[in-house]
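Visitor: When you get a sec, could you give me coordinates for this:
(one chain, ligands or ions: 1)
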Amino acid sequence: MKYFTESEFNEFEKMDPKLLEKLDQLREAYGYPIKLTSTYRSPDHPIEAKKSKPGEHAYGAAVDIACVGGEATFKLVKAAIEVGFTRIGISRKNNFVHVGIGYDGAPPITIWTY
Ligand SMILES: [Zn+2]
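Guide: All right, here's what the predicted structure looks like:
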């Protein structure tokens, strides 16, 4: 990876290489440093365990990115769409953006808010 180190990820080896490639592209397109707030989560992580089935963090197919303010969020989401992320979640309340590439059984193209 060009912009990230393995230590920024929880269990780096479980991250999907396609996600990592897109994340570098996103950093390039966005143009500002990116702070990851959540990466791989095991299926028994409290957030995943309360879902009916584990989400894409449990597939290493998504990360959450710290993002404060409307302008930064707009620019980050715009860049994420440009580089091909097709599953995006936005939390203005908790200041992060989720970007994912999906997994079997998940809607391949979607956007949501928290
Ligand atoms: Zn997420």
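
Visitor: who's in contact with residue 97?
Guide: 64, 65, 67, 73, 76, 77, 80, 88, 89, 90, 91 (C-beta atoms under 8 Å, 6 or more residues apart in numbering). (Each C-beta comes from the backbone N, C-alpha and C, glycine too.)

Visitor: For the third one, give its distance to the ion.
Guide: With distances taken as C-beta to the ion, to the nearest Å, residue 67 is found 12 Å from the ion.

Visitor: Give me the phi and psi for that residue.
Guide: Phi and psi for residue 67, reported as degrees, to the nearest 10, are phi -160, psi 120.

Visitor: What about it, how many residues nearby?
Guide: 24 (other C-beta atoms under 10 Å).

Visitor: Kindly report the same for the first one.
Guide: Residue neighbour count, defined by other C-beta under 10 Å, stands at 20 for residue 64.

Visitor: hey, what's it bridged with?
Guide: residue 38, residue 98 (DSSP bridges).

Visitor: wait, doesn't it sit right on residue 96?
Guide: Yes: using C-beta atoms under 8 Å, residue 64 makes contact with residue 96 at a distance of 4.7 Å.

Visitor: residues shared between the contacts of these two?
Guide: 37, 38.

Visitor: re the thing from before, now, among the contacts of residue 97, which is nearest to the ion?
Guide: residue 64 (4.2 Å; C-beta to the ion).

Visitor: Which residues are in contact with the closest one?
Guide: Residue 64 touches 36, 37, 38, 39, 57, 96, 97, 98, counting by C-beta under 8 Å, 6+ apart.

Visitor: do you know how far it is from residue 39?
Guide: Taken as C-beta to C-beta, to the nearest Å, the spacing of residue 64 relative to residue 39 amounts to 8 Å.

Visitor: Give me the common contacts of those two.
Guide: residue 57.

Visitor: which of the residues in the worst-scoring helix or strand of the chain on mean pLDDT are buried?
Guide: Sorted by mean pLDDT, DSSP states H and E, the helices and strands of the chain end with helix 46-49, the least confident at a mean of 89. For helix 46-49, a neighbour-count test (16 or more other C-beta atoms under 10 Å) marks residue 48 as buried.

Visitor: Just the residues contacting that helix, thanks.
Guide: In contact with helix 46-49 (C-beta under 8 Å, 6+ apart) are residues 41, 42, 43, 54, 55, 57, 58.
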